[in-house]
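K.L.:
After the sequence you'll find the predicted model.
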Amino acid sequence: MKRFLLCLILALSACSYSLDARAESLVVGLMNVDRPPYFWKDDAGGYQGIFIDILHELKKETGIHFIYKALPMARLRLYMVVGKVDVEMGIDPSLRTARNEAESSIYSEPFMESKEVYVIGASRGNFDYARNVPSGGKFCGVLGFNKPKFVGETYRQALLSETQLLKMINKNRCDYTVMPYDAFRYLKEGQLYNLTTSKPIATHKLRMRLHKQKAELLPRLDAALARMKKDGRLAALLQKYN
């Protein structure tokens with residue numbers, strides 16, 4: 001009888017530990033194509049980048065484990081709405097206003113700013129610099145990123161990555177695109193692209209987007225981000241990718 005009770009206690013303890021472990025894990029949705037400097041897969045199959053470094057520090061601070069799940073952007077957004085993914089990194093709330101997205105989401109404090117710019121060919125004459133707007137008709141964007149139709153736009157093509165965007169514009173197959181300046185600067189480094197950017201057209205405060213069912217973890221994540229800002233660790237991580 002005593003042995004049975006001991007086994008029962010051990011079994012219940014194991015179940016309790018298993019439930020606690022699941023409660024302390026968050027599934028992070030990442031696009032299934034590289035988005036340097038934010039994240040990319042290395043040769044060993046692991047992830048690197050700004051978002052990954054921040055999550056590593058948050059794990060040290062909070063004990064919360066982050067599990068990465070690669071998905072096409074459209075599916076990632078759907079999975080966030082239905083709760084199959086817990087976290088989307090680097091999101092400004094103004095970028096997630098489609099049906100059910102706002103209602104299903106809560107956000108951390110900002111951890112960085114991102115300036116959005118037009119990217120055009122450096123020798124192209126189809127840009128109104130006084131108004132800071134393109135005048136060419138061919139727009140190319142990343143599949144799953146919703147961008148409003150621009151004035152003068154007559155043609156739109158969706159590509160899989162920002163790397164492809166820069167190549168298409170450099171080859172004059174697209175007139176312009178819109179992307180974070182951080183991504184443009186990082187991807188252009190070391191490349192013989194004849195490209196330039198406009199002045200910033202928008203500034204976004206990037207946050208962790210959590211599904212509301214994980215709301216109880218948000219204060220811990222915010223407190224950890226605050227400590228990382230205060231002691232300079234967050235600034236050092238961002239500077240690493242400048």
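P.N.:
Great, that's in hand. Numbers count the residues shown, from 1 in each chain.

K.L.:
how is this structure carved up into domains?
P.N.:
For the chain, whose domains are defined here by automatic domain parsing, the residue ranges read 24-112+205-240, 114-202.

K.L.:
ok now the helix or strand containing residue 106, how far from the chain's centre?
P.N.:
Following DSSP states H and E, one finds residue 106 within strand 105-107. Relative to the mean C-alpha coordinate of its chain, strand 105-107 is positioned 14 Å out (CA atoms, centre = their mean, to the nearest Å).

K.L.:
For it, which outside residues touch it?
P.N.:
Surrounding strand 105-107, the residues in contact under the criterion CB atoms under 8 Å, 6 or more residues apart in numbering are 80, 91, 93, 96, 207-212, 214-215, 218. Glycine gets a C-beta too; all of them are placed from N, C-alpha and C.

K.L.:
Please convert the domains of the chain to JSON lines, extending it with mean pLDDT and mean neighbour count.
P.N.:
Formatted as JSON lines, the entries for the domains of the chain read as follows, by pLDDT from 0 to 100; neighbours: other CB atoms under 10 Å:
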{"stretch": "domain 24-112+205-240", "mean pLDDT": "96", "mean neighbour count": "17"}
{"stretch": "domain 114-202", "mean pLDDT": "90", "mean neighbour count": "17"}
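
K.L.:
ok, so of the contacts of strand 105-107, who is nearest residue 35?
P.N.:
Comparing those against residue 35 with CB to CB places residue 91 closest, at 12.8 Å.

K.L.:
Return the distance of the closest one relative to residue 154.
P.N.:
Shown here: residue 91 relative to residue 154, a distance of 30 Å by CB to CB, to the nearest Å.

K.L.:
Residue 55 too?
P.N.:
Between residue 55 and residue 154 the distance, using CB to CB, works out to 41 Å.

K.L.:
same deal with residue 202?
P.N.:
Counting by CB to CB, the separation of residue 202 from residue 154 is 23 Å.

K.L.:
Kindly provide the distance from residue 116 to residue 71.
P.N.:
Plainly put, residue 116 is 23 Å away from residue 71 if you go by CB to CB.

K.L.:
again with residue 157
P.N.:
Taken as CB to CB, the spacing of residue 157 relative to residue 71 amounts to 22 Å.

K.L.:
now swap in residue 155 and tell me
P.N.:
28 Å.

K.L.:
Same question for residue 26.
P.N.:
Noted for residue 26: a distance of 15 Å to residue 71, by CB to CB.

K.L.:
same thing with residue 46?
P.N.:
From residue 46 to residue 71 the distance is 17 Å (CB to CB).

K.L.:
So which residues of this structure form helices?
P.N.:
With DSSP state H, the ranges of helices along the chain come out as 2-23, 50-62, 73-82, 101-104, 162-170, 181-188, 218-230, 233-240.

K.L.:
Return the distance of the last one from the chain's centre.
P.N.:
It refers to helix 233-240. A distance of 17 Å separates the C-alpha centroid of helix 233-240 from that of its chain, computed with CA atoms, centre = their mean.
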